[in-house]
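Engineer: Following is a predicted model, sequence given first.
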Amino acid sequence: MIKHETLTIDDIGKEKNLGLVPAPNHLQFLLDELVESGHIHTLDGVFPCTYTITTKGIIEGRRLGQEK
């Protein structure tokens with residue numbers, strides 16, 4: 001998921017994007033934490049709720065990828 005895309009919660013929750021299919025309430029908790037930390041943003045006035053990965057999120061994803 002480390003690319004600049006705009007996704008709905010259903011897109012994010014797909015196994016191909018996360019490597020697993022989380023329970024909906026766990027996914028929402030994760031998304032809320034990522035929004036609060038500035039790694040993703042919600043787009044105002046869009047339905048369904050849509051998220052975009054920020055530059056901060058992309059940089060963090062790359063950093064985490066290098067730790068492996």
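Structural biologist: Thanks, I have the structure now. In this text, all values refer to a predicted model and were calculated from it rather than measured experimentally. Residues are numbered from 1 along each chain as shown.

Engineer: List the contacts of the longest helix belonging to the chain.
Structural biologist: The longest helix of the chain (DSSP state H) is helix 24-37. The contact list for helix 24-37 (Cβ atoms under 8 Å, 6 or more residues apart in numbering) reads 9, 12-13, 22, 40-42, 51, 57. Any C-beta I mention is one placed from the backbone N, CA and C, and that applies to glycine too.

Engineer: Swap in 7 Å and give it another go.
Structural biologist: Outside helix 24-37, the residues that touch it by Cβ atoms under 7 Å, 6 or more residues apart in numbering are 9, 12-13, 40-42, 51, 57.

Engineer: other SSEs contacting the least confident helix or strand in the chain by mean pLDDT?
Structural biologist: Ranked by mean pLDDT, DSSP states H and E, the weakest helix or strand in the chain is helix 15-18, scoring a mean of 76. Applying 3 or more Cβ pairs under 7 Å, 6 or more residues apart in numbering; DSSP states H and E, one finds that helix 15-18 contacts no other helix or strand.

Engineer: Next, give me the two most distant ones among the contacts of helix 24-37.
Structural biologist: Put simply, by Cβ to Cβ the two of the contacts of helix 24-37 set farthest apart are Gly13 and His41, 17.9 Å from each other.

Engineer: Give me the more crowded residue out of these two.
Structural biologist: Shown here are Gly13 and His41; by other Cβ atoms under 10 Å, Gly13 has more neighbours (20 against 16).

Engineer: check contacts around that one.
Structural biologist: Gly13 touches 21-22, 27, counting by Cβ under 7 Å, 6+ apart.

Engineer: circling back to that earlier point, for ChimeraX, what selects the buried ones among the contacts of helix 24-37?
Structural biologist: Here is the ChimeraX command that selects only those of these that count as buried (16 or more other Cβ atoms under 10 Å):
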select :12,13,40,41,51,57
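
Engineer: Show me the contact partners of stretch 40-47.
Structural biologist: Against stretch 40-47 from outside (Cβ under 7 Å, 6+ apart): 6, 34-35, 49-54, 57.

Engineer: Might you quantify the distance of it from its chain's geometric centre?
Structural biologist: 12 Å (Cα atoms, centre = their mean, to the nearest Å).
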